[in-house]
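Enquirer: Just to be clear, the model below is a prediction. Sequence and coordinates:
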Amino acid sequence: MDYLGQLLANGLVLGAVYALTAVAFTLVYGVVRLVNFAFGELFMLGAFLTTSLMLPEVRLAGVIVPMPGFPLPVAALGAIVLTALIGVLVDRIAYRPLRNAPRLAPLITSIAVSVVLQSLAQTLWGAEELRFPEFYLATLPPVVLFDSIYLSVMDLVVMASAVIAMAGLSLFIARSSLGRAMRASAEDQTAALLVGIPVNRVVAAAFAIGSGFAALAGLLYAQTYGFAHSSMGFLPGLKALTAAVLGGIGSIPGAALGGLILGLVEALGSGYLPNGTAWKDAISFVLLVGLLYLRPQGLLGKPELNSAGRGSLLGGASEFAGGWLHTLFGRLDGGLARLAAAGPGAALAFLAIAAVLGALMPSDYWLRILTMVVIYGMLASGLNVIVGFAGLLDLGFVAFWAVGSYLTSILFVLVLKDSFGVAPDDIWWLLYLNLPLAGLLAAGFAVLLGTPTLRLRGDYLAIMTLGFGEIIRVVAINWIGLTNGPMGIRDIPAPDLFGIPLGSPRAQFFFALVLAALVVFAIARIVRSYVGRAWVAIREDEEAAEAMGVPTARYKLYAYAASGFVGGFVGVFYAHYQQYISPLNFSLFENILLLMLVVLGGLGTFLGPFIGALIWIVFLQLALDLPFVQAYPETRFALLGVVLIVLMVFRPQGLAASARVSLIMPGSRAKGAA
Amino acid sequence: MTINRLAAAVLGIGLLASPTLSRADEITIGFTAALSGDFAAFGLNMRKGLNLAVAELNKKGGTTYKIDAVDDRGEAREGVLIAQRFCSDATVDVVMGYSFSSIALAAMPVYTQCKLPVLASAVTSPALSNVSPYFRRNVLTDAVQGSMMGAYAAKTLGLKSIYVLNQQDDYGIGVAKAFSDAAAKDGAKILGTESYLLGTKDFRTLLTKVRAAKPDAIFIGGFYTEAAKIAEQARALGIQAQLLSTDGALNVELMKLGRGAVEGMIVYGMFDPAVATPATETFLGAYKAAYKEDPSAWAALGYDAGLALGAAVDLAAKDGPVTRDSLNAAFGKLKGVPGVTGPTTFDPSGDRAGALYFLAVKDGKFGLAPKQP
């Protein structure tokens, strides 16, 4: 009983924090139909601002800055207001220009905004945790219920503030005129605009309130666990999104219920399952995936919300018609389109340049970097199949990559070498067998994961695939018997062909190049076939495709399978190239990075992923030698984020939109599409 | 490079400011560790110690030393690239540093291929023993340190029942297993073992489970960030058990993050400023003058690694010009190089023998624990 009681108490505190953040997601989603991934970072800013305002001085980017040293309530209020302003600013810069843009654009900018805010916070406040300052309420002795359930006074404050804030918000939405305007905008934006509601101002208000809630949750979380840190918002942000979806995104009581359920399930799950603490993140994502499968609209949500993803994920036009930046992007686009029109010729030319570069490059270091470019290019190509060609946002692609890497590593090292004592040299051919085998296995996984997501659209799909990716990672970390856990698998043999070792950086580069040629050729063949046409039709307008007799479910599964196959295939080579893999290689950040590479190089083009990888990885290495980057290593990622936001705002259809494989015959484009 | 020059300029150590001197030989140290990100503290401390040793060696005259530092951000993927960078750079004679065993393990095949000797100071995984003829480290393995701590907890402290928590990675699992085995052998009862992921913030549920078992002590096999949170949340849940942790928690950040809650926690390390011997006096003085703080065990190990390198270079220089190969051979021949963490001699496996100090947090500072074995 004491045990259960304490677990319930722990779950309630956690649930309160999740619920508050979930309100932020749900409020903004309700009004603008946007999953603002950046709320996790606004949560973090709330924590940092409160902490900073409470201290007498703070070291910002290495400089000591005097601070007012406010008491907690004043600092909290200041932080909430500041964060709300930042939230409005983010909306103004990164989302408002994209209101009528393709649906993928604001999702990508919101991820980019997250990356920028997190990198900036780390640059400003440093890499170490910032301790939450002492204050009076925290020094009070804990409240002990029934002799055994300990709750600190602040725990009670956390729960009370959550209840008061949510009750207040519900009243505000129900009674005030701004609240009515919000409900009206949520019902139908165009109609709201027609009856004279200033929709942009209503949306700004939703962002302000949502950001304020995220900040409140963040500062309560920071004081509960005693710290602020630049990456602290990531996991709570995901959990809160999960809670919002659980409760039915768009519904405020739903967010409260979802947060509460998630907090309790996590506490009870980690309390009663063996080694539950290590597994608890998987518990919440399994809950999410299961619920989305059975009831996609969430517990209290309306079913029609799932169909919000009407229309093209990629098509449509930008709001900015003029400006030099626009012209610049237009030129770039035109150039890339001509390159794509050159067809196989351009691809062969690229291959030839890469081969010459590989043959002549004197430095092994740069050869390894180029190999990395080819690997990431191939992986991004795999992701491109599903995002760029079929128009389905997949945030769980790394899982397929992991499947391939783990299959070959487990076979070579854990099974054959460790259990049967077979020397890797004797079974060099297994690598070549593993390439297609891992591809098939990953494709199987992809279909397995794809099936339950078939009923989901746009944002829900992204969230569900994200859940899958995280589950695979948590399993890889904790199922030590299968994957050797966080220790990873080492001594994976370098590739070998008929006894000729291919371990040198140059041989590895050419190996990668051959695989890349295979991958691009295969993808090009499929995309140019009737399967590819069906994908493009789904991407451009799923309902129209369905109406025209395209069996969308089947072709979506093909897209998952093809994308999974590439992931598994490349994963095998990746393991043999690195000779060491661990779950750290397959984090969500890698998935985001791959997505950004695809967007950077051009969604739905064949060579775009490689161009994106080349630009980014070479930049990363060159930036290592810049003094500014050496002093502030995180700024590299901030820069990537800024580039993507600019790209999306000024060219939401992507860098190489005209180069994208389309349904329309090349000649008719000028008359037809926008 | 530039970071180094900046650091040197700021700290007033002119370690790179002598390019015009005519010199017999120049040794370039490739230094790599996590210098940014969540676990930067270990690497930064190592580098402070190494900088000091390098400044001393340069003052002595003869061979000059310089450091080329690269941040691995704690990512294994970077590890291989950095290893290749050092290998391809013919001026690099030796590689030092490393914060994470996994990264060193990923990088070692590359170093073995280009025959570049590595002398690491903070990687403790037993898997690194015998990993390559080019790998050495001057820190004890988790297995050795963990079992010393286990014996200390059971025998010296006389703790009867212990609950073991560990970070879910090679470091945490290795140290917790060695600790549990040694403590059980000396008569303590291990009530349970639970693992948590690096970066976990909420330990309340885990600790609720621990509280139900009523242990005398809790052993935390992990780093300071989590150790501080565990301590704080344990006290908030009314757990009064003795807290024990590892060299991963031996960091001043522990007290900044955990404050009152970590008071009394016992950790171990290979060095402590409180145990000043005549040999360590100069180090302590120089370190305090340069950085205005007491050196940590990691700084001491970085410093000793620098001294060991100096001794190896001198040894190798006796038989002609110093190359990567002759330097590697010289490391193997070193016998009892004096240092602040005791004498350094490398086994053929690349490991080194040494002693541990047990330290307790008292009034917000690490001091020698009242009971020593």
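Expert: Here it is on my side, so go on.
Enquirer: Get me the contact residues on the stretch 151-300 of chain A for chain B.
Expert: Counting by Cβ under 8 Å from any Cβ of the partner chain, the stretch 151-300 of chain A comes close to chain B at A:152, A:225-227, A:229, A:231-232, A:266-267, A:270-271, A:275-278, A:280-281. Backbone N, C-alpha and C define where each C-beta goes, glycine included.
Enquirer: Okay, buried residues for stretch A:533-543 please.
Expert: A:533, A:534, A:535, A:536, A:537, A:538, A:539, A:540, A:541, A:542 (16 or more other Cβ atoms under 10 Å in any protein chain shown).
Enquirer: what's the pLDDT at the first one?
Expert: It stands for residue A:533. Predicted confidence (pLDDT) for residue A:533: 86.
Enquirer: what about it, is that helix, strand or coil?
Expert: helix (DSSP: H, G, I helix; E, B strand; the rest coil).
Enquirer: Run through the residues that contact the residue nearest to the spatial centre of chain B.
Expert: Nearest residue to the geometric centre of chain B (Cα atoms, centre = their mean): residue B:122, 3.0 Å. By Cβ atoms under 8 Å, 6 or more residues apart in numbering or on different chains, residue B:122 lies in contact with B:33, B:42, B:43, B:46, B:97, B:98, B:99, B:139, B:298, B:301.
Enquirer: contacting residues for the residue nearest to residue B:297 when sequence neighbours are not counted?
Expert: Once its chain neighbours are removed from consideration, residue B:297 has its nearest residue in residue B:269; the separation is 3.6 Å (Cβ to Cβ, 6 or more residues apart in numbering or on different chains). Taking Cβ under 8 Å, 6+ apart as the definition of contact, the neighbours of residue B:269 are B:247, B:250, B:296, B:297, B:356, B:357, B:359.
Enquirer: Across the sheet, point out what pairs with residue B:269.
Expert: With DSSP bridges as the criterion, residue B:269 is bridged to residue B:357.
Enquirer: And it, how far from residue A:97?
Expert: Using Cβ to Cβ, to the nearest Å, residue B:269 is found at 55 Å from residue A:97.
Enquirer: Then residue A:260?
Expert: Residue A:260 sits 36 Å away from residue A:97 when distances are taken as Cβ to Cβ.
Enquirer: One more: residue B:191?
Expert: The spacing between residue B:191 and residue A:97, counted by Cβ to Cβ, is 59 Å.
Enquirer: out of the two, which sits in the more crowded spot?
Expert: Set side by side, residue B:191 and residue A:97 give different neighbour counts by other Cβ atoms under 10 Å in any protein chain shown, the larger being at residue A:97 (20 against 17).
Enquirer: which residues touch stretch A:433-453?
Expert: Contact partners of stretch A:433-453, identified using Cβ under 8 Å, 6+ apart, comprise A:289, A:292-293, A:396, A:399-401, A:403-404, A:407-408, A:411, A:461, A:464-465, A:468, A:515, A:556-557, A:560-569, A:571-573.
Enquirer: now the strands for the chain?
Expert: Just so you know, I chose chain A. Defined through DSSP state E, the strands belonging to chain A, from first to last, are A:57-60, A:63-66, A:130-131, A:143-145, A:149-151, A:227-228, A:489-490, A:496-497, A:500-501, A:580-581.
Enquirer: looking at chain B here, not the other one
Expert: Shown for chain B, the strands assigned by DSSP E span residues B:26-33, B:64-71, B:92-97, B:118-120, B:135-137, B:161-167, B:189-196, B:217-221, B:242-244, B:266-269, B:357-362, B:365-368.
Enquirer: tell me which strands and helices the last one is in contact with?
Expert: Spelled out, it's strand B:365-368. Other elements packing on strand B:365-368 under the criterion 3 or more Cβ pairs under 8 Å, 6 or more residues apart in numbering or on different chains; DSSP states H and E are strand B:357-362.
Enquirer: so where do the helices sit in the stretch 351-500 of chain A?
Expert: Under the criterion DSSP state H, counting those that start in this stretch, helices of the stretch 351-500 of chain A are mapped to A:364-384, A:398-409, A:430-453, A:458-478, A:480-483.
Enquirer: Kindly present those helices as JSON lines, with separate columns for mean pLDDT and mean neighbour count.
Expert: Rendered in JSON lines, the data for the helices of the stretch 351-500 of chain A read as follows (pLDDT from 0 to 100; neighbours: other Cβ atoms under 10 Å in any protein chain shown):
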{"stretch": "helix A:364-384", "mean pLDDT": "90", "mean neighbour count": "25"}
{"stretch": "helix A:398-409", "mean pLDDT": "90", "mean neighbour count": "28"}
{"stretch": "helix A:430-453", "mean pLDDT": "86", "mean neighbour count": "20"}
{"stretch": "helix A:458-478", "mean pLDDT": "81", "mean neighbour count": "24"}
{"stretch": "helix A:480-483", "mean pLDDT": "80", "mean neighbour count": "14"}
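Enquirer: Ok, which of those helices comes nearest residue B:318?
Expert: Using Cβ to Cβ as the measure, helix A:364-384 is the one of the helices of the stretch 351-500 of chain A that comes nearest residue B:318, at 31.6 Å.
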